[in-house]
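[1] I'll drop the sequence and a predicted model, then ask my questions.
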Amino acid sequence: MKDPRDIIYRPVLTEKAIHLKDTNNEYTFYVARATNKIEIKKAIEELFKVHVTKVTTIQVKGKRRRLGRLPEGKTSDRKKAICKLKEGERIEIFEGV
């Protein structure tokens, strides 16, 4: 198995992600594009010592952006994972947001 830190890049802290955390106990992360749901579940459980009940993944396409005098560029494609935790469990890095 890969190192969990190579699978989970960073948490997503948008209004929608915080609303999912507060209402459904679902946490959102940017993850490596080549990973599957099983690897993501094991990485979350190992890093944060919680029990994941469901993982949903989303491919996010990069957007076109202007880059100064250049006509345009493109942001990189990403993959998001929404992980539902067992009832009553929390991830500490999201608390206080």
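    Yes, it's here.
[2] which helices and strands does the worst-scoring helix or strand of the chain on mean pLDDT pack with?
    Ranking every helix and strand in the chain by mean pLDDT, DSSP states H and E puts strand 70-74 at the bottom, with a mean of 85. Here strand 70-74 touches strand 64-67, going by 3 or more Cβ pairs under 8 Å, 6 or more residues apart in numbering; DSSP states H and E. Every residue, glycine included, has its C-beta placed from N, CA and C.
[3] Note down every partner strand of the strand it packs on and its orientation.
    Next to strand 64-67 in the sheet, as set by DSSP bridges, lie strand 70-74 (antiparallel).
[4] Next secondary structure after the partner strand?
    strand 78-85 (DSSP states H and E).
[5] So what touches that following strand?
    12, 20, 24-33, 35, 37, 40-41, 44, 50-60, 62, 91 (Cβ atoms under 8 Å, 6 or more residues apart in numbering).
[6] Buried ones among those residues?
    Neighbour-count burial within those applies to 12, 20, 25-29, 31-32, 35, 40-41, 44, 50, 52, 55, 91; the criterion is 16 or more other Cβ atoms under 10 Å.
[7] Residue 75: how many residues sit nearby?
    11 (other Cβ atoms under 10 Å).
[8] So the spatially closest residue to it that is not a sequence neighbour, which state does it fall into?
    Closest residue to residue 75 in three dimensions, ignoring its sequence neighbours and counting by Cβ to Cβ, 6 or more residues apart in numbering: residue 62, at 4.1 Å. Following DSSP: H, G, I helix; E, B strand; the rest coil, residue 62 is assigned to coil.
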